[in-house]
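Peer 1: got a predicted structure here, sequence first:
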There are 2 protein chains.
Amino acid sequence: MSSGQIRLNTATGEWVIYAPARRKRPQELCQPPQPFPCITNACPFCDDPTRIEPIIFELPNADKTGWQTRVIPNKFPVLMPCGNSDRISEGFYISMQGYGKHEVIIEHPSHDQTPATMSIEEVKALIETYHQRYLDLMADPKIMLAIIFRNHKKEAGASQPHPHSQIIATSFVPRHRRWHEEEAQRYFDRWHRCVYCDMLRDELKEEKRIIEENDSFVAFVPYAAQVPCEVWIMPKQHKADFGSITEAEKGDFASILQRVLARLYKKLDNPAYNYVINSASRYKAEEPQLHWYCQILPRLTTPAGFELGAGISINPSIPEVDADFLRDCTL
Amino acid sequence: MSSGQIRLNTATGEWVIYAPARRKRPQELCQPPQPFPCITNACPFCDDPTRIEPIIFELPNADKTGWQTRVIPNKFPVLMPCGNSDRISEGFYISMQGYGKHEVIIEHPSHDQTPATMSIEEVKALIETYHQRYLDLMADPKIMLAIIFRNHKKEAGASQPHPHSQIIATSFVPRHRRWHEEEAQRYFDRWHRCVYCDMLRDELKEEKRIIEENDSFVAFVPYAAQVPCEVWIMPKQHKADFGSITEAEKGDFASILQRVLARLYKKLDNPAYNYVINSASRYKAEEPQLHWYCQILPRLTTPAGFELGAGISINPSIPEVDADFLRDCTL
């Protein structure tokens, strides 16, 4: 199968991925989407080895009787580990082959679980899986960025109901990420401090937007949250790179992530959401101005032409009100 | 009523609007959205002066027996013309009052029309209305950017089925727009040419992504289209500012916009879409490196965690295939 193509818009500086495994003819796109398969025995991620892809990685469950997490290649990959990442001049434009990796992390053997309802130990196995796969993917020198993310429910782009996360590893750094790096660089050059460390210090002093805190992490609704009940989970220790997470931090990250997702689940009736781990791109892992964090975006509103065209979010909620709302919950 | 607030994320450089007229408590956001009112006599935009807001602007219909387009304040404005646009230091953060303007353009007296089904003359009245309102809004020195956009159908964020566009005028330029300005500036400083003029020249030479062309405009699927059947309509004459559109160009813009929307309507069964007119922000209207254009984004796919987190689009379609598909249509 061809590796597809990645194209650069010369005017805007944005790369777009054209994934052959997801290719559709335009007329197919206006058909109503298929409903989720609701019958467990039709789920490709349930425990039947004949129906799943070759296993890349597996963690055993607590009593070693089976698997707890499993990693497989995405059956409809966005990028593929064939070809190369050389840039190709196409006259006015630039393109490259669709080199990269796209894996699915099956989070739990049970079809009906979700991190909000799992035990902390189970979420810890998930974080361990993220970490192992992250390190392995970043070991490929052609990879510039590995993005760990989770789509919860169809409205957030999930195509399978079985609990799963994904990792996409790209051979380019998108403009969106560079822009965040540049903002942090400008702040560092002015103040000689990490803007994210300063944000964390301010949030801990202000207290009013904090949802959860433990030894290693703080979860808060950002001052300028883009969507209602957006939550950032940030390590207290300055670190640009998710790959450098310690054993103690993995436990604390699992605990705070599970507790924040449980609050969203209980207070917003199991909402659709995305989360993404924003970690440094290659060559930036040791930079003093960058700081990894997990960004959780509930999908309670629909972005429209103004948001898409101007890149300005309109949030109908107030971050301090959202924080009060999410704190007021018995776990 | 208070003017609301606009907040800056100090780390990412992104402004977010908190609109009091759209405020919801978090728990209200997880209720299913209300269906469109389908009974014409319940529509606030149909011709009953007692049910609509004060009229800001109106164009008469062809035989002068009534109105053709009407502009009213948005009943649930994102920004409000009270207060000021002074930036306020909030310790680590920066905010300002929600100063700005938000208008609704009722495009046609008939509830069941849409630009794809209107006559060219009716769409020309719409473009004339855009132009008049754009000039008037930009005459306010506190306004930095005026964004004309259209949301078609609920999936694209429309809350009323009666055909309408909107204009939001902001007292700040979002990071997203500055980044596009910076990319164009870099290109100009290197080549001493407008990147959009060069793109247009390349597209006209290549031909394969062109959908429509007339004396003043070209409509094409961009080389790096972010979504299936994305179309850019660009003036052939170099102009940064939509406000400088000529009488002849207004007619040609109406014609090409109507024809492109009619193609989408026929070929994709009246799809949800957004369009936005990307025009220069204040002080940039005369810049040689910027070029206004109308960007049409059909909503046939759902962005997920990877797109939101990494800012990378995944397009399951191929621009050249989409262009062939949209050209193959009898109007």
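Peer 2: Happy to help now that I have it.
Peer 1: got any ranges where the stretch 51-200 of chain A has weak pLDDT?
Peer 2: Residue ranges of the stretch 51-200 of chain A with pLDDT under 70: A:51-52.
Peer 1: how about the strands in it?
Peer 2: Ranges of strands within the stretch 51-200 of chain A are A:57-60, A:67-73, A:87-90, A:93-97, A:100-106, A:145-152, A:164-170, based on DSSP state E, counting those that start in this stretch.
Peer 1: redo those strands as TSV? Include mean neighbour count.
Peer 2: C-betas here are computed from N, CA, C, even on glycine. Putting the strands of the stretch 51-200 of chain A into TSV (neighbours: other CB atoms under 10 Å in any protein chain shown) gives the following:
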stretch	mean neighbour count
strand A:57-60	14
strand A:67-73	21
strand A:87-90	12
strand A:93-97	18
strand A:100-106	24
strand A:145-152	26
strand A:164-170	24
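Peer 1: closest one to B:His238 among these?
Peer 2: strand A:93-97 (20.1 Å; CB to CB).
Peer 1: name the helices or strands packed onto that closest one?
Peer 2: strand A:5-9, strand A:87-90 (3 or more CB pairs under 8 Å, 6 or more residues apart in numbering or on different chains; DSSP states H and E).
Peer 1: mind putting the strands of the stretch 51-200 of chain A in TSV, distance to B:Lys267 included?
Peer 2: Below are these laid out as TSV (distance: least, CB to CB, whole Å):
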stretch	distance to B:Lys267
strand A:57-60	44
strand A:67-73	34
strand A:87-90	27
strand A:93-97	26
strand A:100-106	30
strand A:145-152	29
strand A:164-170	31
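Peer 1: of those strands, which approaches A:Thr117 most closely?
Peer 2: Distances from A:Thr117 to each of the strands of the stretch 51-200 of chain A were compared using CB to CB; the shortest belongs to strand A:145-152, at 11.9 Å.
Peer 1: contacting residues around the closest residue to A:His162 other than its chain neighbours?
Peer 2: Leaving aside its sequence neighbours, A:His162 sits nearest to A:Phe45 (CB to CB, 6 or more residues apart in numbering or on different chains; 3.8 Å). Listed by CB atoms under 8 Å, 6 or more residues apart in numbering or on different chains, the contact partners of A:Phe45 are A:52, A:104, A:106, A:111, A:160, A:162, A:164.
Peer 1: same check, this time on A:Lys142
Peer 2: A:84-85, A:99, A:171.
Peer 1: and the helix ranked longest in chain A, what's buried?
Peer 2: Secondary structure of chain A read by DSSP state H shows that its longest helix is helix A:247-267. Taking 16 or more other CB atoms under 10 Å in any protein chain shown as the basis for neighbour counts, the residues of helix A:247-267 that come out buried are A:249-265, A:267.
Peer 1: mean confidence score for that helix?
Peer 2: The average of the pLDDT scores along helix A:247-267 is 98.
Peer 1: mind picking the two most distant members of the contacts of A:Phe45?
Peer 2: Spanning the widest gap among the contacts of A:Phe45 are A:Val104 and A:His111, at 14.5 Å by CB to CB.
Peer 1: hmm, back to that, of the helices and strands packed on strand A:93-97, which approaches chain B most closely?
Peer 2: Shortest separation from chain B across the helices and strands packed on strand A:93-97 is recorded for strand A:5-9, at 3.9 Å, computed as CB to the nearest CB.
Peer 1: residues making contact with the helix or strand following the closest one?
Peer 2: Proceeding N to C from strand A:5-9, the next assigned helix or strand is strand A:14-18, under DSSP states H and E. Applying CB under 8 Å, 6+ apart, the external contacts of strand A:14-18 come out as A:4-9, A:78-79, A:98, A:172, A:174-176, B:224-226, B:311-315, B:318.
Peer 1: apply 7 Å and report the result again.
Peer 2: Applying CB atoms under 7 Å, 6 or more residues apart in numbering or on different chains, the set of residues contacting strand A:14-18 from outside is A:4-8, A:78-79, A:98, A:172, A:174-175, B:224-226, B:312-315, B:318.
Peer 1: can you put the helices and strands packed on strand A:93-97 in TSV and add distance to chain B?
Peer 2: Below are the helices and strands packed on strand A:93-97 laid out as TSV (distance: least, CB to the nearest CB, whole Å):
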stretch	distance to chain B
strand A:5-9	4
strand A:87-90	8
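Peer 1: right, so of those strands, which gets closest to B:Lys124?
Peer 2: strand A:5-9 (30.2 Å).
Peer 1: next, count neighbours for A:Gln27.
Peer 2: When neighbours are counted by other CB atoms under 10 Å in any protein chain shown, A:Gln27 registers 11.
Peer 1: mind checking the SS state of it?
Peer 2: At A:Gln27, secondary structure determined by DSSP: H, G, I helix; E, B strand; the rest coil is helix.
Peer 1: against A:Met138, how distant is it?
Peer 2: Noted for A:Gln27: a distance of 40 Å to A:Met138, by CB to CB, to the nearest Å.
Peer 1: one more: A:Asn270?
Peer 2: The gap separating A:Asn270 from A:Met138 is 33 Å, by CB to CB.
Peer 1: which one's more surrounded, those two?
Peer 2: Ranked by neighbour count (other CB under 10 Å), A:Asn270 and A:Met138 place A:Met138 first, with 21 against 15.
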